[in-house]
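Asker: What follows is a predicted protein model with its sequence.
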Amino acid sequence: MTGEALILIDQQKAMEDAKWGPRNNPDAEQNIGRLLTAWRQRNWPIFHVKHDSKSAGSPFRPGQPGNDFLPLTAPLPGEPVIAKCVQSAFVGTDLTVRLEALGRPPLIICGVLLANSVEATVRVAANLGFDVYLPGDACWSCDKRDLTGRLWSAEDVHQLTLALLDGEYATVTTTDEVLGKR
């Protein structure tokens, strides 16, 4: 098996919960689906990461409908699922071992939330020495209030997070660029 490894973060029904508030990038799921289809056609490595929250009220808690995968990007039988209970897909999981067994391929990381689990996974991956590509249009963000009370729009949160990650932790790209150059 050759090619980059595709890592899909938290593609679960919990992300449909109203608690997240307004979001940006309504095409993110379609772009994630496009990447997933291309990886399946090429038989390249795919890792579905799901959040199994330990918090009683979390929509991500196992046994709750929100813990289920979204239909568009759900794993097929035999595709690896990495369960995590913190933000980074590398902490407390065997993801690093699995990627090392594949020869440490470059990583394409996408999913939600960009300024949470995606960002944490990207930063740890870079710290572990992986080459990381982040298609910004295959992620989304939601509004966030800062400690001064200012409400930042989902698009502002998204663009700032991409800017903070680009160059130091990842190469920020687009779905079309990822699909066009591979």
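Answerer: All right, it came through fine. Numbering: from 1, shown residues only.

Asker: buried sites along stretch 63-83?
Answerer: Neighbour counts using 16 or more other C-beta atoms under 10 Å place 64, 66-67, 69-70, 73, 75, 82 of stretch 63-83 among the buried residues. Using the backbone N, CA and C atoms, a C-beta is placed for each residue, glycine as well.

Asker: So residue 19: helix, strand or coil?
Answerer: helix (DSSP: H, G, I helix; E, B strand; the rest coil).

Asker: ok, the nearest residue to it once chain neighbours are set aside to residue 144 distance?
Answerer: When the adjacent residues along the chain are set aside, residue 19 lies closest to residue 59, with 7.2 Å between them (C-beta to C-beta, 6 or more residues apart in numbering). Residue 59 sits 18 Å away from residue 144, going by C-beta to C-beta, to the nearest Å.

Asker: Return the residues in contact with residue 142.
Answerer: 20-24, 113, 154, 157 (C-beta atoms under 8 Å, 6 or more residues apart in numbering).

Asker: out of the residues you listed, who's nearest residue 167?
Answerer: residue 157 (18.8 Å; C-beta to C-beta).

Asker: and residue 39, what element?
Answerer: helix 28-42 (DSSP states H and E).

Asker: Flag every buried residue along that helix.
Answerer: 28-29, 31-36, 38-39.

Asker: Who are the packing partners of that helix?
Answerer: strand 5-9, strand 46-51, strand 107-111, helix 175-180 (3 or more C-beta pairs under 8 Å, 6 or more residues apart in numbering; DSSP states H and E).

Asker: How far off centre is that helix?
Answerer: 13 Å (C-alpha atoms, centre = their mean, to the nearest Å).

Asker: By neighbour count, which of the contacts of residue 142 wins?
Answerer: Highest neighbour count within the contacts of residue 142: residue 113, with 24 neighbours (other C-beta atoms under 10 Å).

Asker: Backbone dihedrals for that one, please?
Answerer: phi -70, psi 140 (degrees, to the nearest 10).

Asker: The residue nearest to residue 19 in helix, strand or coil?
Answerer: Classification of residue 59 by three-state DSSP places it in coil.

Asker: Contact partners for it?
Answerer: Residue 59 neighbours (C-beta under 8 Å, 6+ apart): 13-14, 17, 19, 53, 65-67.

Asker: among these, which are in helices?
Answerer: Within these, no residue falls in helices by DSSP state H.

Asker: got CSV for these, with distance to residue 47 too?
Answerer: Converted to CSV, the contacts of residue 59 look like this (distance: C-beta to C-beta, whole Å):
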residue, distance to residue 47
13, 19
14, 19
17, 24
19, 26
53, 19
65, 23
66, 20
67, 17
